[in-house]
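In: Coordinates for the following, if possible.
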Amino acid sequence: MSSADERYVMVYNGEMYNFHSLREELEQVGKRFRTQSDTEVLLEAYGYWGATCLSKFHGMFALAVYDRVENELFLARDRTGIKPLYYATLDGAFCFASEIKALHELSARSLTLNYASLVDFLLLSYTVPPRTFFSEIHEVEPGSWLRVTRRGIERGTYWTWKREPADWNESVSLEAGRRAILESLSEQLVADVPIGAFLSGGIDSSLLLAMLVNDLGRKVPSFTVAFGETSYDESPYAAMVARHLGTDHHEIRVPVGQGNLALIDEVLSQFDQPFGDSSAVPSYVMCRAVRPFVKVVIGGDGGDEMFGGYPRYGYADFARTLGRSPAWALRAMLRFSHAVSRVSPSERVRQVQRLLRAAEASGNERLLALSCYLFPEELQDMLTSSARQKTADCVPILLGAGDRSREVGGAAFIDATMNTALPGDYLRKVDMMSSAHGLEVRIPFLGESVLACSARIPERWKYSVGENKRLLRKLAERYLPPAICRRPKAGFGFPFDAWLGDQGRRELHHQLCSPTARVRDIVSAGYLERLLRCFVEQRWDDLRISRYNLYQRVYCLWALERWLQRWSPNL
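Out: Residues are numbered from 1 along each chain as shown. The predicted structure is shown next:
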C-alpha cells in the first residue's frame, strides 16, 4: 500500500489491535484516510512519527516501509516476536521476507549451514535469534528495527523485556494482573470473523476463557487435543473447564500407535529451518481441525514465561543457593549421584544430577544446564570429526556471553526465556502451525498492558521453589474449580514414540541409519545406531536419559535430516 502522498510504500503481516485509536489521533493532526484498514493507519503513523510510531503499536506484526524520497527501507517487528521477519544480502542486493524460503529462492548459489545455529538446535531444539540455520540469513530481533540506506544498515531497539519490580504486595499484584489481562483480552477481541479459544485444561488457557465468559460476556467455542496415552492427555481437565463455563467444546483426538512419518514431514515442511519441538505435531493437527469452525483463536502462550510457570525458574533459584556451598562438597554430591545412577537409574536421580551441575556452573552455563536436551560435551560423542571442528567454540547464549555471575537464578531465567525460547521456540511454533491453515492465533498474555504489568510484579508473587505460577493460580481461584487451580504444570507434551508405534519407530531407525541419510555428514553413525536402537526398543535407561529426552533427540535428528535433504546447504 502507498501513502496518500505516494512517498511511502508498505508491506505488512500481522494485526494491529489499537488502530482505531491511532487513526483518531492522526485525524486530529489533519491526516485523512481512504480505507478502513489497519495497514493504512500504520503507514500514515510511520509517515508522521517515524520510527517512534512503533512504541504506539499494540499488536503482532512484521512490516517494511520504503521511502521513495530518501531511497531508504525500514523494517520492524513486534515486541515479543510473534510474527517472523528475515533479511539477507544476496548477490549484492538487500532482501527481506517473512519466510526463509523466499530468501532462499532469491539466491543464485547454495547457502551455507550456520554451525552455531546447529549447536543451538541440537542442545535446545530451536535456533537462538538473530541467527538462522543459513549463515547468510538473519532474523530481525523482536522489539527492534532496521533502516537500510546508501550508507549501510542502521539498527535500533524500541522495546526490550526489562523487569522493574515494584513494591507491591500480593493483593495489589493480583488486581494489577487482573486488570492488565482484561485490557489485553478486550483489545484482542476486535474482529469481524468468528473467534474461538484453545483450551488445554491448564491454568493459562482456562483462565483466559473464564475471563472471556465471566468478565467480558463472550461465550466462544473452545478446542482441545486429546491423546490416547493417559499421562499426556489433558482433555479431561479441558472438558471440566468447558462444562464449568458452559462453552461449546470440541475435542480433537490423536490416537497412539497410528502415527506416520508423512504427517511429521508435512509439519516439518512448514518450517524453513530445523525445528525440534515435537509438540508442533499436535499443534498442527489442532489448527487444521479448528479452522473450519473459526478464523481467529485466543491462545494461552506467554503466561508461563512471564508469570513463573516453568519449574526451572524455581530450580535456578535452588541451584543458586546450592552453588554457594564449597566446591568440594558439590563435587562429592555429584560423584555420589553418578554412582547411584549406575546402580539405579531413575528420572529423580537424573534431575538431581542436573540440579547439581547447574549449582556448580555460573551465568549462562547455569541456565543452559537447566534447559538443554543434551549437554555441550555430549557433542563430542555425537558429531562427526568434521562437524566437531566446526562447532568447537559454539555455545547457545541464553543470558550474556560474559556473564559469569554465581548469583544467576530464576529472575534471570525469566529474562532469558523471554528473549530466546519464547521467540525461538514457542511463538515460532504457534505462528507456523496456525499460518499453515489460515488460522490467526492471538496471544493476550503478550499484550502491551500485560507485558508492562508483569515486569513490575515481584518474582515472589509469581513462583517459589515449590509452587509455580502463584499469582495466576490465585486469580484462577475466582473463576475455576479447585481441581484446575491446584493442578501441577503439565506442559503441552506429545507422546511421539507411542504415537509412531513399533512400526513407525522402526521406519525412522531405517531412514536415519541408511547410508544415504544426509544427517550422517554431521552425526556419527555409531551415535545414530545406539540412539535409534534404544528408541525402537524403548530402553531410555540404557542411555541414562528420560523417555521424553530420548524421543526429543530422535525427533530433532529427523527434523535435521529432512531439512538437509530439502535445502542441501553447503557444509
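In: Might you list the low-confidence residue ranges for the chain?
Out: The chain contains residues with pLDDT under 70 at 257-258, 400-404, 491.
In: quick one, domains of it?
Out: Per automatic domain parsing, the structural domains of the chain span 8-157, 170-308+412-485.
In: mind checking which of the ones you listed is nearest Gly526?
Out: domain 8-157 (16.4 Å; Cβ to Cβ). Every residue, glycine included, has its C-beta placed from N, CA and C.
In: Would you tell me which of the domains of the chain gets closest to Gln389?
Out: Among the domains of the chain, domain 8-157 sits nearest to Gln389 (Cβ to Cβ), with 9.4 Å.
In: and the closest one, how far apart are its ends?
Out: 22 Å (Cα to Cα, to the nearest Å).
In: what about the residue nearest to Pro481 when sequence neighbours are not counted, distance to Asn549?
Out: Of all residues not flanking Pro481 in the chain, His244 sits nearest, at 5.8 Å (Cβ to Cβ, 6 or more residues apart in numbering). Computed with Cβ to Cβ, to the nearest Å, the distance linking His244 and Asn549 is 35 Å.
In: do the same with Val450
Out: Val450 is 32 Å from Asn549, by Cβ to Cβ.
In: Which of those two has more residues huddled nearby?
Out: Neighbours per residue (other Cβ atoms under 10 Å) separate Val450 from Asn549, with Val450 holding more: 24 against 17.
In: Would you confirm that that one contacts Ile181?
Out: Yes - with contact defined as Cβ atoms under 8 Å, Val450 and Ile181 form a contacting pair (5.8 Å).
In: Buried residues, stretch 92-105. List them.
Out: Of the residues in stretch 92-105, Cys95, Phe96, Ala97, Ser98, Glu99, Ile100, Leu103, His104 count as buried by neighbour count, 16 or more other Cβ atoms under 10 Å.
In: Pull the number of nearby residues for Cys453.
Out: 21.
In: nearest spatial neighbour of it, skipping sequence neighbours?
Out: Ala180 (3.7 Å).
In: Equivalent analysis for Tyr87, please.
Out: Excluding the flanking residues, the one nearest Tyr87 by Cβ to Cβ, 6+ apart is Phe96, at 4.3 Å.
In: How about Val119?
Out: Going by Cβ to Cβ, 6+ apart, Val119 has Cys394 as its nearest residue, at 4.0 Å.
In: so which strand or helix has that neighbour?
Out: Using DSSP states H and E, Cys394 sits in no helix or strand.
In: Can you pull the phi/psi pair for it?
Out: phi -90, psi 140 (degrees, to the nearest 10).
In: now swap in Trp558 and tell me
Out: phi -70, psi -40.
In: could you measure it against Gln28, distance?
Out: Distance, Trp558 to Gln28, by Cβ to Cβ: 56 Å.
In: related to what we said a few turns ago, now do the residue nearest to Pro481: how many residues are near it, please.
Out: 17.
In: Give me the contact list for whichever strand or helix holds it.
Out: Secondary structure assignment for His244, by DSSP H and E: helix 235-245. For helix 235-245, the external contacting residues (Cβ atoms under 8 Å, 6 or more residues apart in numbering) are 199-202, 206, 209-210, 213-214, 219, 222, 224-227, 249, 251, 480-481, 483-484, 487.
In: ok, 7 Å please
Out: The contact list for helix 235-245 (Cβ atoms under 7 Å, 6 or more residues apart in numbering) reads 199-201, 206, 209-210, 213, 222, 224, 226, 249, 251, 480-481, 483-484, 487.
In: Just the buried residues from those residues, in PyMOL please.
Out: The PyMOL selection below is limited to those of the contacts of helix 235-245 classed as buried (16+ other Cβ under 10 Å):
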select buried, resi 199+200+201+206+209+210+213+222+224+226+249+480+484+487
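In: In helices only, show me the contacts of helix 235-245.
Out: Taking DSSP state H, the ones among those that sit in helices are Ser206, Leu209, Ala210, Val213, Ala483, Ile484.
In: Most widely separated two among those?
Out: Checking those with Cβ to Cβ, the most distant pair is Val213 and Ala483, at 18.1 Å.
In: the strands in the stretch 351-500 of the chain, which residues?
Out: 440-442 (DSSP state E, counting those that start in this stretch).
In: All the helices of it, in order from the start?
Out: Here the stretch 351-500 of the chain has its helices, by DSSP state H, counting those that start in this stretch, at 363-369, 379-382, 385-390, 410-416, 427-435, 448-456, 470-476, 482-485, 496-512.
In: ditto for the stretch 101-250 of the chain
Out: Assigned by DSSP H, counting those that start in this stretch, the stretch 101-250 of the chain shows helices spanning 115-124, 170-188, 203-214, 235-245.
In: List the contacts of the first one.
Out: When you say that, I think you mean helix 115-124. With contact meaning Cβ under 7 Å, 6+ apart, helix 115-124 is reached by 126-128, 131-133, 274, 276, 371-374, 376, 379, 390-391, 394-396, 556.
In: Just the buried ones from the residues you listed, in PyMOL syntax?
Out: To isolate the buried ones among the contacts of helix 115-124 in PyMOL, judged by 16+ other Cβ under 10 Å, type:
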select buried, resi 126+127+128+131+132+133+274+276+371+372+373+374+376+379+390+391+394+396+556
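In: circling back to that earlier point, compare neighbour counts for Trp558 and Gln28 and give me the winner.
Out: For Trp558 versus Gln28, neighbours defined as other Cβ under 10 Å are more numerous around Trp558 (22 against 8).
In: separation between that one and Val285?
Out: To Val285, Trp558 is 17 Å away according to Cβ to Cβ.
In: now do Arg7
Out: Going from Arg7 to Val285 by Cβ to Cβ gives 46 Å.
In: higher neighbour count, the two?
Out: Set side by side, Arg7 and Val285 show more neighbours around Val285, with 18 against 15, by other Cβ under 10 Å.
In: Got the phi and psi for the more buried one?
Out: Dihedral angles (degrees, to the nearest 10) for Val285: phi -60, psi -40.
In: again with Thr384
Out: With angles defined as degrees, to the nearest 10, Thr384 sits at phi -70, psi 160.
In: Nearest spatial neighbour of it, chain-adjacent residues omitted?
Out: That would be Ser524: by Cβ to Cβ, 6+ apart, it lies 5.4 Å from Thr384.
In: gap between stretch 373-384 and the chain center?
Out: 23 Å (Cα atoms, centre = their mean, to the nearest Å).
In: gap between the two ends of it?
Out: Using Cα to Cα, the two ends of stretch 373-384 sit 19 Å apart.
In: didn't Leu261 look like it was pressed against His509?
Out: No - using Cβ atoms under 7 Å, Leu261 makes no contact with His509, being 11.5 Å away.
In: of these two, who's got more company?
Out: Higher neighbour count among Leu261 and His509: His509, with 19 against 15, using other Cβ under 10 Å.
In: Who are the contact partners of the more buried one?
Out: Leu532, Phe535, Val536.
In: The last one - how many residues pack around it?
Out: Going back to what we said before, that points to Val536. Val536 has 19 nearby residues by other Cβ under 10 Å.
In: So it is in contact with Arg505, correct?
Out: Yes - taking contacts as Cβ under 7 Å, Val536 lies within contact range of Arg505: 4.7 Å.
In: before we move on, the earlier item: so which of the helices of the stretch 101-250 of the chain comes closest to Leu422?
Out: Between the helices of the stretch 101-250 of the chain, helix 115-124 lies closest to Leu422; by Cβ to Cβ that is 12.6 Å.
In: With just CA atoms, put the closest one into PDB.
Out: The C-alpha trace of helix 115-124 is given here as PDB (Å, rounded to 0.1, in the frame of the first residue of the first chain):
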ATOM      1  CA  TYR A 115      27.200 -24.300  12.700                       C
ATOM      2  CA  ALA A 116      26.500 -22.000  15.700                       C
ATOM      3  CA  SER A 117      22.700 -22.500  14.900                       C
ATOM      4  CA  LEU A 118      23.300 -26.200  14.600                       C
ATOM      5  CA  VAL A 119      24.600 -26.300  18.200                       C
ATOM      6  CA  ASP A 120      21.700 -24.200  19.400                       C
ATOM      7  CA  PHE A 121      19.300 -26.700  17.800                       C
ATOM      8  CA  LEU A 122      21.000 -29.900  19.000                       C
ATOM      9  CA  LEU A 123      21.200 -28.600  22.600                       C
ATOM     10  CA  LEU A 124      17.900 -26.700  22.800                       C
END
